[in-house]
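Participant: kindly generate the corresponding structure for this input.
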Amino acid sequence: MSTVFVEPEPGTVYLVGSGPGDPGLLTITAKQLLERADTVLHDRLPGSRIIGMIPESRREDVGKHASGKRTTQPEINRRMVNLARQGHSVVRLKGGDPFVFGRGGEEAEFLAAHGVPFEVVPAVTSATAAPGVAGIPVTHRDHASSVSFVTGHEDPTKAESAVNWEALAETDGTIVVLMGVNRLPDYTGVLLETGMDPETPVALVERATWPNQQVAMGTLETIVDVRDDVGITPPAVTVIGEVAATRELLADFLRNDYSDTDEDS
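Facilitator: Below is the predicted model:
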């Protein structure tokens, strides 16, 4: 079977997911586009190993940081359109999957509204990859028949949260929270107030598949203290539910547990 090489089209924007961070988890299409596109607009979440694959002359950092330098979404949108109209093939590189809490939908709508052709390149989402590499299945026949993916970092302009934590607590399924490390006390507090068992297992997976991956285990009642003791910082995924305890059975046998490798330079 021959390999099909992707040749980026001039004037086209590619909304590309980079997966959780390990270059080996890039799709073939994503890798080929990174090698051939005229310009790559990236944020910080793909990580240095993937960003380092792109020559500096062809990449632009448009990352949003919690503090310090910040590129606004309108600026990113305008940059994509302007480059495409100049005849560039443009990769908009995102961590995880572009359509899972990645604002890919907003960017696609903006491109369409301005008559710019685009293509979506899906990727492995950290919502399932982060728990997986830590030895946690998000569903399990014995523990959880459903899984809910939730953003822990909603639009700050919203008058109130759009996440119904009370309803999630009643599903008795797994809750996976992305980008929710800093707001961990808020939503764990709400879940405890709804009557969720304080002993419910909780896992935090920081920088999944990166060389400096960390995994911290606790319960709904203790996880905030565990986060602070271990020093878990963004980006990280929170897994709430009985499936989180599966890691304790599997960790000693995992061969893709990145948490024991040297730190990323």
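Participant: can you show me the strands along the stretch 51-200 of the chain?
Facilitator: The residue ranges that make up the strands of the stretch 51-200 of the chain, judged by DSSP state E, counting those that start in this stretch, are 59-61, 90-94, 118-121, 147-151, 174-178.
Participant: strands paired with the first one, and their directions?
Facilitator: The reference is to strand 59-61. If you go by DSSP bridges, strand 59-61 pairs up with strand 39-42 (parallel).
Participant: ok, the fourth one next?
Facilitator: Applying DSSP bridges, strand 147-151 is found paired with strand 174-178 (parallel).
Participant: which residues touch the strand it pairs with?
Facilitator: Strand 174-178 has contacts (Cβ atoms under 8 Å, 6 or more residues apart in numbering) with 96, 100-101, 126-128, 131, 138-139, 143-144, 146-153, 168, 187, 191, 237-243. To be clear about C-beta, it is placed using only N, CA and C from the backbone, and glycine gets the same treatment.
Participant: give me the buried entries from the residues you listed.
Facilitator: Neighbour counting over the contacts of strand 174-178 (16 or more other Cβ atoms under 10 Å) leaves 96, 100-101, 126-128, 131, 138, 143-144, 147-150, 152, 168, 187, 191, 237-243 as the buried ones.
Participant: just the ones of these in helices?
Facilitator: Among those, the members falling in helices (DSSP state H) are Ser126, Ala127, Thr128, Pro131, Leu168, Tyr187, Leu191.
Participant: now the first one: how far from Ser48?
Facilitator: Between Ser126 and Ser48 the distance is 17 Å, computed by Cβ to Cβ, to the nearest Å.
Participant: list the contacts of Arg36.
Facilitator: Counted by Cβ under 8 Å, 6+ apart, Arg36 has contacts Val6, Glu7, Pro8, Ser89.
Participant: the first one and Asp97, how far apart?
Facilitator: In other words, Val6. Separation of Val6 from Asp97 (Cβ to Cβ) stands at 18 Å.
Participant: then the second one?
Facilitator: Distance, Glu7 to Asp97, by Cβ to Cβ: 23 Å.
Participant: and these two? which has more neighbours close in?
Facilitator: Using other Cβ atoms under 10 Å, the more surrounded residue of Glu7 and Asp97 is Asp97, with 25 against 9.
Participant: what packs against the lengthiest helix in the chain?
Facilitator: Here the longest helix in the chain is taken by residue count, with DSSP H as the criterion, and it is helix 73-85. With contacts taken as 3 or more Cβ pairs under 8 Å, 6 or more residues apart in numbering; DSSP states H and E, helix 73-85 sits against strand 13-17, strand 39-42, strand 90-94, helix 104-113.
Participant: which residues sit against that helix?
Facilitator: Counting by Cβ under 8 Å, 6+ apart, the neighbours of helix 73-85 from elsewhere in the structure are 11-13, 38-39, 41, 60, 62, 64, 90, 92, 103, 106-107, 110-111, 114, 116-117.
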